[in-house]
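*Asks:* test case, fold it:
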Amino acid sequence: MVNGDKTIINKTEPMTLNKTWKNAALLAGIDPPIEARTAVIVVPIFDPNKNELELTPGNVKMICDRNAGLGADGVLEGPVIKEDGMHVKVWNPDGSESETSGNGVRIFAKYLMDHEYVKEQKFSIQTLSGPIEVECLNNRATEFRVKMGKASFISREIPVTGEVREVINESFTFHNKEYKATCLTVGNPHCIIFMNQVTPELAKELGPYVENADEFPEKMNLQICRKIDTGNLDIEIWERGSGYTKASGTGSCAAAVAAYRLGLVENRVNVNQPGGMIQIDIKDDDTIYMTGTVGYVADMSVAESFFS
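*Replies:* Down below sits the predicted model:
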């Protein structure tokens with residue numbers, strides 16, 4: 001919450017629920033500037049080097065369940081240390097695997113630095129979509145710039161069915177209504193729809209139809225967007241495998257790049273979402289950089305009986 005000109009981050013005391021899920025650092029991705037933060041994305045990290053439990057889709061769903069479990073926006077499993085570097089597996093709340101996560105990469109980067117898996121300010125994290133370069137911007141390891149690569153609007157790369165084309169401002173029918181949408185991949189697929197107003201209710205209403213539309217064989221993430229001015233966007237988010245969510249790093253990148261391609265914004269964009277604000281920079285060679293902060297919440301364990 002915001003108190004005057006300072007942000008107070010509510011931190012739980014370290015909790016021990018039992019012994020199975022030891023040293024799982026629960027971190028919250030907090031979007032810059034920290035003074036503007038209104039909410040957080042909470043993603044626990046499961047470190048396989050410190051645990052005997054093997055994660056499965058079933059127990060990931062249990063962990064993320066906000067009614068019967070701990071409650072989380074996904075789980076990051078790692079580091080898995082291989083010859084080509086530090087790998088992370090990004091679990092969605094429904095137990096499926098995501099190619100990557102912009103917020104998740106920042107969260108995981110902080111964990112790697114805090115636990116001395118890496119000591120350099122610049123390093124790479126291996127995801128299902130490939131390596132992602134990360135730079136820590138301060139001594140406290142609370143702010144990171146992430147090189148998100150380049151977007152593609154090519155239908156076969158997203159993927160979107162039909163002839164090979166760039167899917168830009170194209171007509172789609174969702175729930176018996178026509179929308180102009182721009183689709184792209186930034187390591188995972190996104191559908192961007194610009195509207196005069198964006199609300200959680202609209203995202204929740206439209207999201208399931210976009211996610212499961214026949215045109216999207218690998219399902220789809222949705223961002224509904226409103227241009228504030230040439231440097232600011234408002235978005236609401238529906239994530240495949242997660243449902244309505246308050247913040248998305250890759251979703252912010254996708255919305256900013258789509259708006260830039262449509263000529264709506266400049267190459268530095270503040271993407272405002274219920275989970276806070278993320279700064280997106282689009283370089284002359286179309287490389288995307290995401291800058292955001294991360295805050296520590298708690299260490300905790302999970303009872304063995306929880307998974308039985």
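*Asks:* distance between the ends of stretch 153-160?
*Replies:* Length of stretch 153-160, first residue to last, Cα to Cα, to the nearest Å: 10 Å.
*Asks:* I misspoke; the intended subject was stretch 190-198.
*Replies:* Stretch 190-198: ends 17 Å apart by Cα to Cα.
*Asks:* again with stretch 262-278
*Replies:* Using Cα to Cα, the two ends of stretch 262-278 sit 20 Å apart.
*Asks:* so what's the gap between it and the chain middle?
*Replies:* 15 Å (Cα atoms, centre = their mean, to the nearest Å).
*Asks:* surely residue 158 and residue 182 touch.
*Replies:* No - with contact defined as Cβ atoms under 8 Å, residue 158 and residue 182 do not form a contacting pair (10.5 Å). All C-beta atoms are positioned from the backbone trio N, CA, C, and that covers glycine.
*Asks:* identify the contacts common to these two.
*Replies:* In terms of Cβ atoms under 8 Å, 6 or more residues apart in numbering, residue 158 and residue 182 are both contacted by the residues residue 167.
*Asks:* and residue 234, how many neighbours does it have?
*Replies:* 19 (other Cβ atoms under 10 Å).
*Asks:* contacts only, for it.
*Replies:* Residue 234 touches 198, 225, 226, 228, 272, 273, counting by Cβ under 8 Å, 6+ apart.
*Asks:* ok, it to residue 227 distance?
*Replies:* Relative to residue 227, residue 234 is positioned 8 Å away (Cβ to Cβ, to the nearest Å).
*Asks:* how about the contacts of residue 234 in CSV, adding pLDDT and distance to residue 64?
*Replies:* Output for the contacts of residue 234, formatted as CSV (pLDDT from 0 to 100; distance: Cβ to Cβ, whole Å):
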residue, pLDDT, distance to residue 64
198, 97, 25
225, 98, 26
226, 98, 29
228, 97, 32
272, 95, 25
273, 93, 20
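*Asks:* show the pLDDT at residue 10.
*Replies:* You'll see residue 10 listed with a pLDDT of 30.
*Asks:* domains of this protein?
*Replies:* 2-149+293-307, 155-285 (automatic domain parsing).
*Asks:* residues in contact with the closest residue to residue 206 other than its chain neighbours?
*Replies:* Closest residue to residue 206 apart from its sequence neighbours, by Cβ to Cβ, 6 or more residues apart in numbering: residue 174 at 6.1 Å. Residue 174 is in contact with 206, 209, 210, 213, counting by Cβ under 8 Å, 6+ apart.
*Asks:* quick one: which of those residues is nearest to residue 257?
*Replies:* Ranked by distance to residue 257 (Cβ to Cβ), the contacts of residue 174 are led by residue 210 at 18.0 Å.
*Asks:* which residue packs closest to that closest one, ignoring adjacent ones?
*Replies:* residue 222 (4.3 Å).
*Asks:* so what are the sheet partners of whichever strand or helix holds the one you found and their directions?
*Replies:* Per DSSP states H and E, residue 222 falls inside strand 221-229. Applying DSSP bridges, strand 221-229 is found paired with strand 189-194 (parallel), strand 232-239 (antiparallel).
*Asks:* of the ones you listed, which is nearest residue 257?
*Replies:* So among the strands paired with strand 221-229, strand 189-194 is nearest, using Cβ to Cβ, at 8.7 Å.
*Asks:* could you measure from the residue nearest to residue 206 over to residue 255?
*Replies:* Distance of residue 174 to residue 255, given as Cβ to Cβ: 18 Å.
*Asks:* how about residue 83?
*Replies:* 36 Å.
*Asks:* surely residue 145 and residue 289 touch.
*Replies:* Yes - here residue 145 reaches residue 289: they are 5.7 Å apart, a contact under Cβ under 8 Å.
*Asks:* ok so, going back, how about the CA coordinates for the strand holding residue 222, as CSV?
*Replies:* These are the backbone C-alpha positions of strand 221-229, laid out as CSV (Å, rounded to 0.1, in the frame of the first residue of the first chain):
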residue,chain,number,x,y,z
ASN,A,221,-3.5,-15.1,-24.0
LEU,A,222,-5.7,-12.0,-24.2
GLN,A,223,-4.9,-8.4,-23.4
ILE,A,224,-7.7,-5.8,-23.9
CYS,A,225,-6.0,-2.4,-24.2
ARG,A,226,-6.8,1.3,-24.0
LYS,A,227,-4.4,4.0,-25.2
ILE,A,228,-4.0,6.8,-22.6
ASP,A,229,-1.4,8.7,-24.6
